[in-house]
Each structure stands twice: as structure tokens, then as C-alpha cells.
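[1] build me a structure from this.
(2 chains)
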Amino acid sequence: MIRVKNLTIGLFLSMFVIGLMCTQTLGETLKMSTTTSTQASGLLDVLLPELEKDTGIRIKVIAKGTGAAIRDGIDGNVDVIFVHAKAREEKFVADGFGTKRYAVMHNDFVILGPASDPAGIKGMKDAATALARIAASGSMFISRGDDSGTHTKEQALWKSSGVKLKQTTQSIVKKGKKTQISFFQPEGASWYRSIGQGMGKTLTFADEKQAYTLADRGTYIKYKFGREVPVDLEVLSEGDELLSNPYGVIPINPKTHPHVKFAVARQFAEWLVSKRGQDLIGGYRLLGKQLFYPDAL
Amino acid sequence: MGFLTDSLVSAVLLAISLDRELMEIVMVSLRVSASSTLIASILGIPLGIVVAFETFPGKRFVITILNTLLALPTVAIGLFVYALIARRGIFGPLDLLYSQKAIIIGQVILIIPVIITFTIAAINHIDDRYHKTAMTLGANRRQTALVIFREARYGIVAAVIAAFGRVVSEVGISMMLGGNARGFTRTITTAMALEYDKGEFVLAVALGIILISISFGLNLLFHLMQGRGKK
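    Model (predicted):
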């Protein structure tokens, strides 16, 4: 009996040791919260294996909306965030949650709609006016409504469109203090659907309802040209300066969250903005189309 | 821990202030769940009674199938109904997808097996002597069934309450078929999932509290009813 017991203990111990050795050889693992677009576009599938080859760093990706990714950063749930909402990222750094925002790349947003284009916005360069037309025609518009980078952009566009907006404010208690969060949407609009879901889901929703929506180009290309059943939506308005979509990567501040792997996170961020990382980003093609334009070279 | 107390305090404030958005979400949830429970009851209770009283070949097999259907995942139903009512599906032209009707269709499919099996169980649970006594007193088949039904009524109400609890708390069907459109198909559970995704937990916790209160209230009501019945 004793021998069996010893054997079992020995077996467990050796398994434990082997397990430890395995994690050693695997190198460092980082946790990263990012927006759904970096993952859904397939960019990370190209970047991360190269990163591991160069530095041994492995990344555990948690893909969410930008709002939720930033929240993960604030709570210290991850080591680094990779998101697209520049103003909010700068605030995140200013508030001491991140050390520095590295400008990595940009792509752009497009306004999509059915080929029949009931609002008549095809070819319009001015995105805000295009939204105003959609509002005036009462055609259905699908909003992410999930506090993501795309949703943030959409609200900014509505603000410059001149359409009368309704502000919804919620009182919440944060750190014992009463604060308010608010978001905007067109007032009294039965044609406006705020669905609170990711980009892919929003595209299929707009496709089903043959409605207008705002999307990042990468996810759109993937859903238009990369699927057996493509979404039945066309790019109707593009090229406005307002539609630019910059991405940044921010290591979480070890002063706020001492447990984060700051050195590794910084190494990852610096690799992304190095010539190597930037070349990979600029060279990435999705179905023959360039999606992201490097910003750090 | 600060986060949890913050969320709880804000949630209670939100619930007390009868916040418009919160009420809207709760109303959508209640309307949809009540409709699907009503429809499923109208269809399911008579079916349950028939299966319980009649003897027919393959009865045991039917009951086995019904019991299996109890474990049907909501996402499977969601997917199945989605395929039928999507724009490219058979019922596409009806434009049902992402509406309250779509959720109700899915939820009815979800709880019909619950109502049928619970009804069968409630009737089988009644002492056989009621059956025999009614028969010996000269009751015909319909009258006998009525007697048993009267005796089984609390079990059947329990079936309806269990079914309502199932639909009001499910998220898969509501999300896939309703699409979580604010003010149209946003229910308590889909709103909670969304707030979690956004990283905003206050509304999620408030809704969670309301959801628990609703089921507690319902069960309390049932408990009181049962108590009165036993007297």
C-alpha cells in the first residue's frame, strides 16, 4: 500500500514538475483585451504567431467592445489593451490606468446600406450629412449601441449631423460618489435600432433588415467577401476625415495595478510599433484588400 | 469589493427611481414571457391531459421524447427558428426576425415540453382512488377527467409557473431571435448580457435584482395559493 501511495505521490510530483517546465519553455503569456475588429479582421492571427517567433511572448486575447476592453484595463483584469477610441484612450492614460498610448495603425469606417438606397446617400463624402439624410428619410438605422469604439464614432457623427438628439443619462455610484453616464441617439426615432452587440452581429442584423449602419471597413470586407453567404449591403458613403479610425495599444500602469506584467506588455507594444510589426500590419491583406495603415513609421 | 457595493447601491437607487429605461426593459420582458407562457399553456395543458388519460401505442416513448425535450438548449431552438424566419429562410417574407413575435415563437417551443410533462406528472400524481371513486359514483369519462383535473390543478399551476420562470430567465432565444434592440426587443436578460459586455455592471445588477424579485414574488404567490388550497 505504502509503495502504491509513494508511486502516486511521485507521479503527481513529476507531473507537476513537467507542467512547470512546460510553462517555462512557453515563455511569457500576456492577457490582452481588444476590440472585436482586430480579431474578426484576422489581423491578430497574422501578428501573434510572428510575435511569438520574435519574442516568445504569447497573448491571450479577450475580444470585446472598446468600452469593455477599457473597463478591463481600469479593473486590472489584463496586462495590455488594444483599442480604437483615441479620446478615451488618452483619458485612460491621463487617469493613470495606462503608461502610454502607442499609435499603432488606422483604418476607416464606412456607412453601409442596401443597394436600393432609399435615403439616397450613395457617393456622399460628407458622413454627417449622409446620416442626416437617413434620418430625414426615416430609413432604419442599426446602431452598435454597446459603448464600443464604433458606437463612440457613430454618436460623434450624429452630433455633427444636426439631427435632434436625445440624451439618456443614468445615475450610477462609482467609488462611493454619484456620477452620471450618458449617451446620445436621435430623438423619437422609431427607425433607430440600438442593439448593443458586436460588429459582426450588427452587420447581419442590418443585412436582415436591409437597413443602414456604420461599420469598420475590415469587418465589412470579411462579411462581404469572406463568407459563403455575403451580407447584402453596399458601401454608400466613405472617405470623410471624420470616418478615420485610429488604433492604439496601451500597457496597463503597474503603479495602479502592481500585478500586471508591465515589462512584457511594453515589449509587446514596442514590437508593434517597430519596423517589423508595422511592416506586418501594412502588408496584411484580407481577401486582397489592405485593411490597416501603419501609423508609427 | 468597492465595486460590488457601488453596483448594489446604484442598482437599488435605479430600481426605486423607476428609471424609464429600466421599466421599459422590464415591461418588454414581462410582455414577451407572459405571452409565450399563455400560448404554451393553451396548447400544452390539453395535450398533457390527453397524454395522461389516453392509452395509445408508443405512449411511453412519447413521454421519453418529451422528457428529452426538457433539456433542449435555448441556443439550439434559437438557431433552428432563426434558420426558418431569416430573410433567406422559408418564412423570411413575414419579416419576423428581430421582433417580439420571434422571441415568443422560440419561447413557446422551449416551454411546451415543460408544460406537457409537468401536467402529465401532476395528473399521474393524483391518487388512483379518486379515479375509481368517481367511476363507481357513475361519472363518465369526461366527468372523471374533470375530477382528476380539479385535484391536479395546483400541479398544473406549478407547471405554468415553472414555464414562466424558464422563459423570463432565458437569454439564448431572446438574444438570437430578438436581437436586443433597445426599446423593442431588449429584455432583462439580454440587457444584462449587454451591460456585462460594456463593462457597466450597475444596470446589470439592478436588472438581476428585479429578475430575482419577480420569481420570488411569483413563487410566494403560488405558495400562498397552495396553502389556502390545502386548508
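[2] in chain B, where is pLDDT below threshold?
    B:1-3, B:199, B:228-231 (pLDDT under 70).
[3] helices along that one, start to end?
    Residue ranges of the helices in chain B, as given by DSSP state H, are B:2-16, B:20-53, B:59-69, B:74-85, B:100-125, B:128-136, B:141-151, B:153-169, B:172-173, B:188-198, B:201-230.
[4] let me know which of those is the nearest to A:Lys64.
    Comparing the helices of chain B against A:Lys64 with CB to CB, the closest turns out to be helix B:188-198 (6.2 Å). Yep, even glycine has a C-beta here, placed from its N, CA and C like the rest.
[5] for the closest one, enumerate the helices and strands it packs against.
    Judged by 3 or more CB pairs under 8 Å, 6 or more residues apart in numbering or on different chains; DSSP states H and E, helix B:188-198 is in contact with helix A:66-75, helix B:20-53, helix B:201-230.
[6] hang on, the earlier thing: most tightly packed of the helices of chain B?
    Sort those by mean neighbour count, taking mean count of other CB atoms under 10 Å in any protein chain shown, and helix B:172-173 sits at the top with a mean of 25.
[7] elements contacting it?
    Against helix B:172-173 (3+ CB pairs under 8 Å, 6+ apart) you get helix B:74-85, helix B:100-125.
[8] what does the first one rub up against?
    Which is helix B:74-85. Helix B:74-85 has contacts (CB atoms under 8 Å, 6 or more residues apart in numbering or on different chains) with B:89-92, B:94, B:96-97, B:102, B:105-106, B:109-110, B:170-173, B:175-177.
[9] list the contacts of residue 73.
    Just going to use chain A. Residues near A:Gly73 by CB under 8 Å, 6+ apart: A:Ser33, A:Ile81, A:Phe92, A:Phe97, A:Gly98, A:Ile250, A:Ile252.
[10] um, chain B though
    Per CB under 8 Å, 6+ apart, neighbours of B:Pro73: B:Gly172.
[11] now do B:Ile63
    B:Val51, B:Thr117, B:Ile120.
[12] then A:Ala135?
    A:Phe141, A:Ser161, A:Val163, A:Pro186, A:Ala189, A:Trp191.
[13] for residue 45, what are its contacts?
    Assuming you mean chain A. Taking CB under 8 Å, 6+ apart as the definition, A:Asp45 has no contacts.
[14] that was the other one, I meant chain B.
    Contact analysis of B:Ile45 by CB under 8 Å, 6+ apart lists B:Ile115, B:Thr119, B:Ile156, B:Ala159.
[15] now flag whichever of those is closest to B:Ala181.
    B:Ile115 (28.5 Å).
[16] nearest spatial neighbour of the closest one, chain-adjacent residues omitted?
    B:Gly44 (3.2 Å; CB to CB, 6 or more residues apart in numbering or on different chains).
[17] what do you get for B:Thr74?
    B:Gly172 is the one closest to B:Thr74 (CB to CB, 6+ apart), at 3.2 Å.
[18] how far away is that neighbour from chain A?
    According to CB to the nearest CB, to the nearest Å, B:Gly172 and chain A sit 14 Å apart.
[19] again with B:Met23
    In terms of CB to the nearest CB, B:Met23 sits 13 Å off from chain A.
[20] what does chain B put close to chain A?
    B:2-3, B:6-7, B:9-10, B:13-14, B:17, B:19, B:21, B:86-88, B:97-98, B:179-184, B:186, B:190-191, B:194, B:197-200, B:202-203 (CB under 8 Å from any CB of the partner chain).
[21] any chance of the helices of chain B in TSV, plus distance to A:Asp146?
    Formatted as TSV, the helices of chain B follow (distance: least, CB to CB, whole Å):
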stretch	distance to A:Asp146
helix B:2-16	19
helix B:20-53	15
helix B:59-69	34
helix B:74-85	20
helix B:100-125	20
helix B:128-136	56
helix B:141-151	49
helix B:153-169	22
helix B:172-173	18
helix B:188-198	6
helix B:201-230	13
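[22] for the ones you listed, which one sits closest to A:Pro230?
    helix B:74-85 (17.6 Å).
[23] got the angle between the closest one and helix B:100-125?
    For helix B:74-85 against helix B:100-125, the angle by axes from the mean of the first three to the mean of the last three CA atoms, to 10 degrees is 130 degrees.
[24] distance from the chain centre to helix B:74-85, please.
    17 Å (CA atoms, centre = their mean, to the nearest Å).
[25] now do stretch A:189-200
    17 Å.
[26] what about it, near chain B?
    Yes - under the criterion of CB under 8 Å from any CB, chain B is reached by stretch A:189-200 at A:Arg193, A:Ser194, A:Ile195, A:Gly196, A:Gln197.
[27] out of those residues, which sit inside helices?
    Filtering these for helices - DSSP H - leaves nothing at all.
[28] give the buried residues for stretch A:254-265.
    Within stretch A:254-265, the residues scored as buried using 16 or more other CB atoms under 10 Å in any protein chain shown are A:Pro254, A:His257, A:Val260, A:Lys261, A:Phe262, A:Val264, A:Ala265.
[29] now render those residues as a markdown table, adding pLDDT and secondary structure.
    A markdown table is the format used below for these (pLDDT from 0 to 100; DSSP: H, G, I helix; E, B strand; the rest coil):
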| residue | pLDDT | secondary structure |
| --- | --- | --- |
| A:Pro254 | 94 | coil |
| A:His257 | 92 | coil |
| A:Val260 | 92 | coil |
| A:Lys261 | 93 | coil |
| A:Phe262 | 94 | helix |
| A:Val264 | 94 | helix |
| A:Ala265 | 95 | helix |
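[30] among these, which one lies nearest to chain B?
    Closest approach to chain B among these (CB to the nearest CB): A:His257, at 14.0 Å.
[31] just give the nearest non-adjacent residue to the closest one, would you?
    For A:His257, the spatially nearest residue (CB to CB, 6+ apart) is A:Gly76, at 3.3 Å.
[32] all helices in the stretch 151-297 of chain A, in order from the N-terminus.
    A:199-209, A:217-225, A:262-273, A:275-283 (DSSP state H, counting those that start in this stretch).
[33] looking at chain A, what residue ends up closest to chain B?
    Closest point on chain A to chain B, by CB to the nearest CB, is A:Arg71, at 2.7 Å.
[34] okay, now that residue: neighbour count?
    As a burial measure, A:Arg71 scores 20 neighbours (other CB atoms under 10 Å in any protein chain shown).
[35] what's the distance between it and B:Phe201?
    Going from A:Arg71 to B:Phe201 by CB to CB, to the nearest Å gives 9 Å.
[36] one more: B:Asp6?
    9 Å.
[37] and B:Ala122, by the same measure?
    Distance, B:Ala122 to B:Phe201, using CB to CB: 40 Å.
[38] same check on A:Pro114?
    A:Pro114 is 37 Å from B:Phe201, by CB to CB.
[39] do B:Ile39 as well
    Remark: distance between B:Ile39 and B:Phe201 (CB to CB) = 34 Å.
[40] ok, A:Ile252 next?
    A:Ile252 sits 20 Å away from B:Phe201, taking CB to CB as the criterion.
[41] you'd agree A:Lys125 is up against A:Ser237?
    Yes - under the criterion of CB atoms under 8 Å, A:Lys125 makes contact with A:Ser237 at 7.1 Å.
[42] pick out whichever of these two has more residues nearby.
    Set side by side, A:Lys125 and A:Ser237 show more neighbours around A:Ser237, with 26 against 12, by other CB under 10 Å.
[43] who's in contact with that one?
    Contacts of A:Ser237 (CB under 8 Å, 6+ apart): A:Val110, A:Ile111, A:Ile121, A:Lys122, A:Gly123, A:Met124, A:Lys125, A:Asp126, A:Ala127, A:Ala130.
[44] circling back: okay, the contacts of A:Ala135 in a markdown table with distance to A:Gly56 next?
    Formatted as a markdown table, these follow (distance: CB to CB, whole Å):
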| residue | distance to A:Gly56 |
| --- | --- |
| A:Phe141 | 46 |
| A:Ser161 | 48 |
| A:Val163 | 51 |
| A:Pro186 | 50 |
| A:Ala189 | 52 |
| A:Trp191 | 52 |
